[in-house]
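1. okay, predicted coordinates and the sequence, questions at the end:
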Amino acid sequence: MQFHQQGYVSGDPRIKAAAGIGLDRPEELPAEVDVLIVGTGPAGMITAAQLAAFPDINTRIVERRGGRLEIGQADGIQARSVETFQAFGFAERIITEAYRITATVFWKPDPADRSRIVRAARAPDDTTGISEFPHLIVNQARVLDYFAEVMAYSPSRMKADYGWEFRGLDIAASGEYPVAVTLVRTGGDGSGVERVVHAKYVVGADGAHSAVRESIGAKHTSVHANHAWGVMDVLAVTDFPDIRAKCAIQSEDGGNILLIPREGGSLFRMYVDLGEVVENGAHAVRNTTIEDIIAKANKILHPYTLDVKSVAWSSVYEVGHRLTDRFDDVPLDRLGGRLPRVFIMGDACHTHSAKAGQGMNVSMQDGFNLAWKLAHVLAGRSPASLLATYSAERQVIAKNLIDFDLEWSRLMAMRPEDFENPTELEDFYVRTFEFPAGFMTEYQPSMITGEGVHQDLATGFPIGKRFKSAPVVRVADANPVQLGHHHRADGRWRIYAFADAPAVGEPSALSDWARWISSSPESPLLKYTPVDGDSDAVFDVKLIAQQDFEGVPLGRVPSLFLPRTGPFGLIEYELVYAADPLNDIFELRGISRGGAVVLVRPDQYVANVLPLTAMSGLDAFFERFMLPRS
């Protein structure tokens, strides 16, 4: 973390100096805003946290509740989400307080006495080393708290506006603030008062019953699995030996349980199988009491017992899978004919079962995907056409998620004797691990994702997939670090220049590339960096050398990688890295010894791979979606 560029900081370095809208942020909702976000769930809060990094963009987030969420329904945090938390600066702290999942234990009927359950298998959570970050369990409310802190400590000094309910919107054909949003005060002074806020863009992150979705006429298609589950977070005394492990438990005739230990050492969650829902029987199953859920859990767990002492939260739900036909306000028959002004994300456009731990995780990636694009457009970096890529990219991902969850839900609800292969459930879990962990997302070629012509230069950084970090050594201080951990949620593009073989400072493809990008009129740095901005305001350019750190003298490094920034023109020393001799990134990620340039989007997805010699290709790529500086 760097925090002295503007002058000495003696307080909490996470608190950035106020700027822009943060210098005099009004307490009351203004009449006009750049972005109005509806809903303070995970999707809405990550969107707000990313936009908070842009103090010249006036963003507000409204919520009908009177205050912060205290008990969240979601709790599973996949490794991809923890990578995202690292970008926002709180991964280490949330890991400390969370429960860490390392394996799933499978329990099945005892072949000798099928009225009893026995431990049948134990599947490691990650056998491939797909991420250096763990799979966590932590209350959704705590995730929201961390994003709220990011917002409050940002230059924008953003905070949620609680007590406002969305009632509707109208989109004008023209005007600077064309979306008129009607809000109603839900409590306190002025309860019931209606007011209209005009916005350039609106984001609906208002849940499965989204009023924003209804207001734009997005079609909600659904597939129901007629199966009900009771879910409870409890404190209990039990002799079940794996109560502090994630378990998939199948009984002979009592149904199934998915057991999820919770943070704090004692709390755990159980998804308890309530069986098939008969036609017109939804109302009855929703009235299942907590006593009935506990009794059902005890039947499934036999011969073990569960003595519940306290219930922190419980609910009954039917598995439902829903997906909207689009994630913005542009009707399908007008795609390409006009640009979007209203967007929906999270449960507002895709819902599914809770048992694969995907809801919060996928929703946050919706927000991360959209927020940097909004920032680029509103800051004048990109044309508004960039915003059409949000629905195009995320709707496909949501469809893949629902297809996966349909199969997982089906398997979780099956009776043991109905499986053709007795290990089918655990086999599916291991075989598909990469999907629920969040790493199967692969964006297709578009204006912001390359076609993969030069993918062979960096096979370990697949274009369209997230940038997979690897160990390197920072040259200035010889510290071993993870390269990807320095990708912050600041809206900047990352340009990783992997050097060719000659020593740094010697004539090479790298030195030619560095000279071109530093001085050519066709260089993205010169074309798109604001005239009054630091040289790294839009692009974060890093060097990774093949030699160890002792073989990379800073005095011979091209000045591109040692830029002077801030009011004092201080040198940035954290952009030059060397290969770790024990874990050579060139070997780990299949990078050509002839060098390569890897472009990474602000949301951590690889956008393109190019040769060091392809200067025109670099220029042509950014020209597709960026506007010349003003």
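-> Yep, it's here.

2. contacting residues around the spatially closest residue to Met345 that is not a sequence neighbour?
-> Spatial nearest neighbour of Met345, chain neighbours left out: Asp366 (3.7 Å); criterion: Cβ to Cβ, 6 or more residues apart in numbering. C-beta here means a position set from N, CA and C on the backbone, and glycine is covered the same way. Applying Cβ atoms under 8 Å, 6 or more residues apart in numbering to Asp366 gives the contacts 43, 327, 345-346, 349, 394.

3. the residues you listed in strands, which ones?
-> Among the contacts of Asp366, no member is found in strands (DSSP state E).

4. make TSV out of the residues you listed and add distance to Ala596 and pLDDT.
-> What follows is those, written out as TSV (distance: Cβ to Cβ, whole Å; pLDDT from 0 to 100):
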residue	distance to Ala596	pLDDT
Ala43	34	97
Phe327	33	97
Met345	33	97
Gly346	36	94
Cys349	36	93
Arg394	28	96
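
5. what's the separation between the residue nearest to Met345 and Arg601?
-> Asp366 sits 15 Å away from Arg601, going by Cβ to Cβ, to the nearest Å.

6. just to revisit the earlier point, where's the residue nearest to Met345, which helix or strand?
-> helix 359-378 (DSSP states H and E).

7. contacts for stretch 296-311 next, please.
-> The list of residues contacting stretch 296-311 from outside it, by Cβ under 8 Å, 6+ apart, reads 115-117, 230, 232-241, 249, 251, 254-257, 270, 272-274, 290, 294.

8. out of those residues, which are inside helices?
-> Judged by DSSP state H, helices contain the following of the contacts of stretch 296-311: 290, 294.

9. just the buried residues of the contacts of stretch 296-311.
-> Buried members of the contacts of stretch 296-311, counted by 16 or more other Cβ atoms under 10 Å: 117, 230, 232-234, 236, 238, 240, 249, 251, 254-257, 270, 272-274, 294.

10. how close does the residue nearest to Gly255 when sequence neighbours are not counted get to Asn287?
-> Closest residue to Gly255 apart from its sequence neighbours, by Cβ to Cβ, 6+ apart: Asp273 at 3.1 Å. Going from Asp273 to Asn287 by Cβ to Cβ gives 17 Å.

11. equivalent analysis for Lys296, please.
-> Remark: distance between Lys296 and Asn287 (Cβ to Cβ) = 14 Å.

12. so these two - more neighbours on which side?
-> Comparing Lys296 with Asn287 by other Cβ atoms under 10 Å, the one with more neighbours is Lys296, at 21 against 9.

13. tell me which element that one falls in.
-> Element membership of Lys296 [criterion: DSSP H and E] is helix 290-301.

14. got the CA positions of the helix or strand just after that helix in PDB?
-> Following helix 290-301 in sequence order, the next helix or strand is strand 306-324 (DSSP H and E). Presented in PDB, the C-alpha positions along strand 306-324 are these (Å, rounded to 0.1, in the frame of the first residue of the first chain):
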ATOM      1  CA  LEU A 306     -28.700 -32.500  17.200                       C
ATOM      2  CA  ASP A 307     -29.700 -30.500  20.300                       C
ATOM      3  CA  VAL A 308     -30.300 -26.900  19.000                       C
ATOM      4  CA  LYS A 309     -29.700 -24.300  21.700                       C
ATOM      5  CA  SER A 310     -30.200 -21.100  19.700                       C
ATOM      6  CA  VAL A 311     -31.500 -20.200  16.200                       C
ATOM      7  CA  ALA A 312     -29.800 -17.200  14.700                       C
ATOM      8  CA  TRP A 313     -31.800 -17.300  11.500                       C
ATOM      9  CA  SER A 314     -34.000 -19.700   9.600                       C
ATOM     10  CA  SER A 315     -36.100 -19.800   6.400                       C
ATOM     11  CA  VAL A 316     -37.900 -22.200   4.000                       C
ATOM     12  CA  TYR A 317     -37.500 -21.900   0.300                       C
ATOM     13  CA  GLU A 318     -38.200 -23.800  -2.900                       C
ATOM     14  CA  VAL A 319     -35.400 -24.100  -5.400                       C
ATOM     15  CA  GLY A 320     -36.100 -21.700  -8.300                       C
ATOM     16  CA  HIS A 321     -34.000 -20.800 -11.300                       C
ATOM     17  CA  ARG A 322     -34.700 -17.500 -13.100                       C
ATOM     18  CA  LEU A 323     -32.900 -15.500 -15.700                       C
ATOM     19  CA  THR A 324     -33.900 -12.300 -17.500                       C
END
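
15. pLDDT (mean, whole number) over strand 306-324?
-> Average pLDDT, strand 306-324: 89.

16. so which of the contacts of stretch 296-311 belong to strands?
-> Mapping the contacts of stretch 296-311 onto strands (DSSP E) picks out 115-117, 230, 232-238, 249, 256-257, 270, 272-274.

17. setting aside sequence neighbours, what's the nearest residue to Gln358?
-> Using Cβ to Cβ, 6+ apart and skipping the chain neighbours, the partner closest in space to Gln358 is Leu401 (5.7 Å).

18. and that neighbour, that one's in a helix?
-> Yes: assessed by DSSP: H, G, I helix; E, B strand; the rest coil, Leu401 belongs to a helix.

19. so it sits against Val362, correct?
-> Yes: assessed by Cβ atoms under 8 Å, Leu401 is found in contact with Val362 at 5.6 Å.

20. show me which of those two is the more surrounded one.
-> Using other Cβ under 10 Å, the more surrounded residue of Leu401 and Val362 is Val362, with 29 against 23.

21. now for the protein, the helix or strand with the poorest mean pLDDT.
-> When the helices and strands of the chain are scored by mean pLDDT, DSSP states H and E, helix 282-286 comes last with a mean of 73.

22. what do Leu401 and Val362 both touch?
-> Common neighbours of Leu401 and Val362 (Cβ under 8 Å, 6+ apart) are His350.

23. low-confidence regions, the stretch 1-150 of the chain specifically.
-> Scanning the stretch 1-150 of the chain for pLDDT under 70 picks out the ranges 72.

24. which residues in it form helices?
-> Using DSSP state H, counting those that start in this stretch, the helices of the stretch 1-150 of the chain run over 42-51, 79-88, 91-97, 140-153.

25. and those helices, which is most packed in?
-> Highest mean neighbour count of those: helix 42-51, a mean of 30 (counted as mean count of other Cβ atoms under 10 Å).

26. please verify my assumption that Gly438 contacts Gly76.
-> No: applying Cβ under 8 Å as the test, Gly438 and Gly76 come out as separate, 10.6 Å apart.

27. distance from stretch 46-60 to the middle of the chain?
-> Distance of stretch 46-60 from the chain centroid (Cα atoms, centre = their mean, to the nearest Å) equals 16 Å.

28. how long is stretch 157-173 from one end to the other?
-> Terminal residues of stretch 157-173 lie 32 Å apart, using Cα to Cα, to the nearest Å.

29. report the mean confidence score over that stretch.
-> When pLDDT is averaged over stretch 157-173, the result is 97.

30. so which bits of it are buried?
-> Neighbour-count burial for stretch 157-173, with 16+ other Cβ under 10 Å as criterion, is recorded at 157-158, 160-166, 169, 171.
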